[in-house]
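**Student:** Provided below for reference: sequence and predicted model.
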Amino acid sequence: MLGNQHVVIFGGSSGIGLAAAGQARSLGARLTLVGRSREKLNRAAESLGGARVVVADITDRAAVEAVFAGMERVDHLVVTAGTFNAGRVADTDPDTLLRALDERIAGPLYAIKAALPLFAERASITLMGGQLSDRPTGNGVAVISAAVRGVEALAGALAQELKPIRVNVVAPGFTDTPLFDVLGESSKVFLQQVAESLPVGRVGRAEEIGSAILFMMTNAYVNGEVLHIDGGGRLV
Ligand SMILES: NC(=O)c1ccc[n+]([C@@H]2O[C@H](COP(=O)([O-])OP(=O)(O)OC[C@H]3O[C@@H](n4cnc5c(N)ncnc54)[C@H](OP(=O)(O)O)[C@@H]3O)[C@@H](O)[C@H]2O)c1
C-alpha cells in the first residue's frame, strides 16, 4: 500500500514514531528517520532492517532544512518529535517552558515549510497532539497543553492552506514509551496509576498510536482530523 513511497518521520527513532516506522515499512515504504541522537537512530534503523537516518533537532531551523537537502520526494511527513518537558509556571524559567512550543509548533512548521517543494501530489502530513489538549490536568503541563491544542488548530488551518496535501493530528493519551524515562524510577508507578484511572484499565502501546498514524497516511479522504487514541482518557 505504501510501496515506493517515501515516509519521513521526525521522532522515528523511538516510541510512537518508531512503531509507525515499522508499520510503514511493513507496507513497503522507504523511510527517513530524524532525531537528535545518532545512536538511537542507528539502533532504530537496524531494528527496521534499514532506513536512512538524519541527525537534527527539530527546533533548529537550519538543521531541519538540511534534512531535506537533496531529497527527491516526500510522500508522507510525520512529526512525533517531542519531550515530556513539564514544568510549573511558578518555578520554571520561560525559555524552558517555551521549548514545548518550539518542539510542537515551530519545529513542525520548519519541517513542513522545508518539505513543501518536495511533496508528492497525494502527500500527507501527520502531527502529534495529545490528550492534554482536552484535559490539561497534572502538574506542570500548562505549556505542553497549549502546544498540543495549538497543533490541532495549526493542522486544521494547514489542511486548507496547503490543499490538496492532507494534514491530520493523532492525539494520544498516556502511552508506555521511553518518553517517561525522564521520570526515572517513578515512571512505572506513574504509568500504573494512570492505567488504574482509565476506562480500559491500562495505558496505550506505541503500536496502537502508530496504527492511527498509518490510518491518517493511507486513508486519502481523512483531512483536518484529530484522532484521539486514549483509552477513553478524555472522559475521566
Ligand atoms: N507517550 C505518551 O504518553 C504521549 C502522549 C501524548 C503525546 N505524546 C507525544 O508523542 C510524541 C512522541 O512521543 P513518544 O512517546 O513516542 O516519545 P519517545 O519514545 O521519547 O520518542 C520521542 C522521539 O522524538 C525524538 N525527539 C525528541 N526531541 C526531539 C527534537 N527536539 N528534535 C528531533 N527529534 C526529537 C526522540 O529522539 P532523540 O531523543 O534522539 O531526539 C525520539 O525519536 C511526543 O511529542 C509526545 O509529547 C506522547
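**Tutor:** Looks like it came in fine. Residues are numbered from 1 along each chain as shown.
**Student:** The residue most central in space within the chain and the ligand, how far apart?
**Tutor:** Nearest to the geometric centre of the chain sits residue 80, at 1.7 Å (CA atoms, centre = their mean). Residue 80 is 4 Å from the ligand, where distance means CB to the nearest ligand atom, to the nearest Å. Bear in mind the C-beta positions are built from the backbone N, C-alpha and C, glycine included.
**Student:** just residue 201 next, same as before
**Tutor:** 16 Å.
**Student:** Tell me the pLDDT of the nearest residue to that residue once chain neighbours are set aside.
**Tutor:** Leaving aside its chain neighbours, residue 201 sits nearest to residue 195 (6.3 Å; criterion: CB to CB, 6 or more residues apart in numbering). Looking at residue 195, its pLDDT reads 97.
**Student:** ditto for the one 4 residues further on
**Tutor:** Here, the pLDDT recorded for residue 199 equals 97.
**Student:** mind checking how far the closest residue to it other than its chain neighbours is from residue 84?
**Tutor:** In space, and not counting its chain neighbours, residue 199 is closest to residue 232: 3.7 Å by CB to CB, 6+ apart. Look at residue 232 and residue 84: by CB to CB, to the nearest Å, they are 21 Å apart.
**Student:** Residue 221 too?
**Tutor:** From residue 221 to residue 84 the distance is 33 Å (CB to CB).
**Student:** Looking at the two, which is more packed in?
**Tutor:** Taking other CB atoms under 10 Å, residue 221 and residue 84 do not tie; residue 84 has more neighbours (16 against 6).
**Student:** How is residue 125 assigned, secondary-structure-wise?
**Tutor:** strand (DSSP: H, G, I helix; E, B strand; the rest coil).
**Student:** partners of it in the sheet?
**Tutor:** residue 77, residue 167 (DSSP bridges).
**Student:** That one against residue 109, yeah?
**Tutor:** No - applying CB atoms under 8 Å, one finds residue 125 not in contact with residue 109, separated by 10.9 Å.
**Student:** Between those two, which is the more surrounded one?
**Tutor:** residue 125 (26 against 16).
**Student:** which residues does the more buried one contact?
**Tutor:** 76, 77, 78, 79, 112, 155, 158, 162, 165, 166, 167, 168 (CB atoms under 8 Å, 6 or more residues apart in numbering).
**Student:** Find the nearest non-adjacent residue to the fifth one, please.
**Tutor:** Looking back up the chat, that one is residue 112. Per CB to CB, 6+ apart, closest to residue 112 is residue 125, 6.1 Å.
**Student:** What distance do you get for the one you found to the ligand?
**Tutor:** With CB to the nearest ligand atom as the criterion, residue 125 and the ligand are 15 Å apart.
**Student:** is it true that residue 224 touches residue 163?
**Tutor:** No - with contact defined as CB under 8 Å, residue 224 and residue 163 do not form a contacting pair (9.9 Å).
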